[in-house]
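Engineer: coords please:
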Amino acid sequence: MNSNNIERVDLAYSGRVPPEVYGVSYDHLIQATRLRYAVISSNLLWGRMYFINGTEYWPQDRNTYIAFRELKPLKVIGHTLYVYDMKNATRAVQ
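Structural biologist: Now for the predicted structure:
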């Protein structure tokens, strides 16, 4: 994030370790995006539910992030984290 001058992201990460441990500044991406960049774990993106961002929150709908599947990610980190630039994203995702 630092090397790309990104201060904070909307994040939906499927894991039990809080992202702060990795130095990630984020808001929970539970419904609509608010920040310029959104980052989603591949499991959540494709409907494989898990706890979000090291919390006890578990999405109830497998299609919570379905609209992101239509977008081209700006980058994919480690084959698991899809990074989206929301500046020009469709209204359906925002």
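
Engineer: rest of the way, CA atoms for contacts and neighbours
Structural biologist: Will do.

Engineer: can you list the weak-confidence ranges in the chain?
Structural biologist: By pLDDT under 70, the low-scoring segments of the chain are 1-2, 31, 51-56, 90-94.

Engineer: Can you show me the strands along it?
Structural biologist: 9-12, 26-28, 37-41, 75-77, 81-85 (DSSP state E).

Engineer: Can you say which of the ones you listed is packed in most?
Structural biologist: Sort the strands of the chain by mean neighbour count, taking mean count of other C-alpha atoms under 10 Å, and strand 9-12 sits at the top with a mean of 25.

Engineer: that older thread, now the strands of the chain as a markdown table including distance to Phe68?
Structural biologist: Putting the strands of the chain into a markdown table (distance: least, C-alpha to C-alpha, whole Å) gives the following:
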| stretch | distance to Phe68 |
| --- | --- |
| strand 9-12 | 12 |
| strand 26-28 | 16 |
| strand 37-41 | 9 |
| strand 75-77 | 13 |
| strand 81-85 | 8 |
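
Engineer: so which of the ones you listed gets nearest Trp58?
Structural biologist: Nearest to Trp58, of all the strands of the chain, is strand 9-12, at 10.6 Å by C-alpha to C-alpha.

Engineer: which one of the strands of the chain lies closest to Ile66?
Structural biologist: The minimum distance between Ile66 and the strands of the chain falls on strand 37-41, with 11.0 Å, by C-alpha to C-alpha.
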